[in-house]
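Asker: Give the three-dimensional model of this entry:
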Amino acid sequence: MTFHDYATIESLLNDTDIYTLIAECDAMLAQNPTELLRLLRSALSLSAHVLEHDKSALASQLAGRLYHHYESNADIRAFVDSITPPKNSLYPIRNGYDPLLPAGGMLVRLMKHGILLMGVKELSNGNILTWDRDNTLRIWRSDGRLIHILTGHQDYILGVIGLQNDRILSWDSYGLTQLWDSDGRLIRTLHEAHPNRVVVGCIKGAIELTNGHILSWYHKHKVLQLWDANGTKLAELVGHTAGVSQAQSLPDGRIFAWLNEHGINPDDAYSKIDFPMLDGWRVSENSNNTIIIYHPKIGKTIHTFYGDAPFTSVAVLDDVTIAGDILGRVLFLHWIADNQA
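Answerer: Residues are numbered from 1 along each chain as shown. Have a look, this model is predicted:
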């Protein structure tokens with residue numbers, strides 16, 4: 001028996017179990033201790049907790065753990081190239097970063113933030129925007145290459161929206177609200193930071209209106225603030241008797257806003273979540289280290305992708321899914337469609 005191609009390993013796993021597969025690898029290592037076998041054994045061991053209950057995850061687990069050695073080891077490169085991922089599954093994109101803990105015990109090329117990834121958003125130009133509890137935003141190309149790091153926030157970032165002309169509006173828990181261009185350059189600070197959140201209140205939300213103006217509202221304020229596209233304040237909208245909970249721009253240009261105390265119950269929002277869609281299926285990140293693809297109507301699970309840490313955010317761009325986990329890692333995953341050759 002040889003472990004030099006993926007089909008052999010997949011066949012043995014389907015006929016037996018992951019622990020039998022690891023034992024076979026150990027036996028071959030004792031007779032022929034090659035670097036390929038050592039790394040395969042390491043990858044299988046790191047993936048055992050997944051493969052013991054979901055054998056269909058073999059392709060993504062091995063690829064995600066062997067990519068680290070793809071350029072430096074010709075045997076690993078040949079093996080990875082032989083992997084045929086199953087249809088209707090998420091498969092890691094090879095972009096120079098480690099999507100999973102690498103085989104061999106090395107972890108040096110994480111595509112990650114500093115502390116905890118808080119959100120992922122696609123910009124209109126196709127780039128990816130992420131933000132983190134380390135007070136930074138990052139702009140990536142869709143292939144996972146880091147382009148810009150946006151610094152300046154003084155506390156963790158609460159919210160981000162993408163604007164026309166690929167501009168970005170972000171705000172943090174101190175109320176600092178900043179407008180950026182698509183190259184990560186600061187255009188203007190709309191609202192200065194104030195460390196006393198109780199007195200001042202941090203920004204709660206913001207939207208872009210159809211005319212390009214920006215509307216924002218704050219936790220402790222009973223007013224909404226209107227800005228032009230360049231961050232110049234135009235007006236304050238007054239009349240509310242309590243803090244504004246949410247606002248929405250209507251098709252005719254009017255603005256609909258409601259209070260924390262009346263109207264829409266925030267808890268009801270969880271039953272109306274607009275989950276990302278991928279090839280007609282819903283996508284959901286979970287705290288148990290998985291991303292689940294499931295049928296939008298009957299809830300049947302179509303596919304499960306397994307990471308090394310709980311996922312905190314996910315975004316879908318055509319056939320590419322970008323996910324952030326609690327370690328601050330950013331994973332770029334390719335969707336293997338049922339009709340894909």
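
Asker: Moving C-terminal from the worst-scoring helix or strand of the chain on mean pLDDT, which element do we reach first?
Answerer: Ranked by mean pLDDT, DSSP states H and E, the weakest helix or strand in the chain is helix 197-200, scoring a mean of 49. Using DSSP states H and E, the next helix or strand after helix 197-200 towards the C-terminus is strand 203-208.

Asker: Strand partners (parallel or antiparallel) of whichever helix or strand comes after that next one?
Answerer: Sequence order places strand 214-218 as the next helix or strand after strand 203-208, per DSSP H and E. Next to strand 214-218 in the sheet, as set by DSSP bridges, lie strand 203-208 (antiparallel), strand 224-227 (antiparallel).

Asker: Take those and write them to a markdown table, including mean pLDDT.
Answerer: Formatted as a markdown table, these follow (pLDDT from 0 to 100):
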| stretch | mean pLDDT |
| --- | --- |
| strand 203-208 | 81 |
| strand 224-227 | 82 |
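
Asker: I'd like to know which of those strands lies nearest to residue 317.
Answerer: strand 203-208 (20.1 Å; CB to CB). To be clear about C-beta, it is placed using only N, CA and C from the backbone, and glycine gets the same treatment.

Asker: can you dump the C-alpha coordinates of the closest one into CSV?
Answerer: Provided in CSV are the C-alpha atoms of strand 203-208 (Å, rounded to 0.1, in the frame of the first residue of the first chain):
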residue,chain,number,x,y,z
ILE,A,203,-22.5,55.4,18.1
LYS,A,204,-25.1,52.7,17.7
GLY,A,205,-25.5,52.6,14.0
ALA,A,206,-25.2,54.4,10.6
ILE,A,207,-26.6,54.0,7.1
GLU,A,208,-25.9,55.5,3.7
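
Asker: Export the strands paired with strand 214-218 as TSV, with columns for distance to residue 12 and mean neighbour count.
Answerer: Formatted as TSV, these follow (distance: least, CB to CB, whole Å; neighbours: other CB atoms under 10 Å):
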stretch	distance to residue 12	mean neighbour count
strand 203-208	53	20
strand 224-227	62	20
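
Asker: Next, format the ones you listed as TSV and append distance to residue 116.
Answerer: Converted to TSV, the strands paired with strand 214-218 look like this (distance: least, CB to CB, whole Å):
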stretch	distance to residue 116
strand 203-208	20
strand 224-227	29
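
Asker: can you tell me which of the ones you listed comes nearest to residue 125?
Answerer: With CB to CB as the measure, strand 203-208 is the member of the strands paired with strand 214-218 nearest residue 125 (15.7 Å).

Asker: if we can go back for a sec, so which of the strands paired with strand 214-218 comes closest to residue 15?
Answerer: Closest of the strands paired with strand 214-218 to residue 15 is strand 203-208, at 54.4 Å (criterion: CB to CB).

Asker: pLDDT averaged over the helix or strand containing residue 91, what's the number?
Answerer: Using DSSP H and E, the element containing residue 91 is strand 89-92. The predicted model assigns strand 89-92 a mean pLDDT of 94.

Asker: and after that strand, which helix or strand comes next?
Answerer: strand 117-122.
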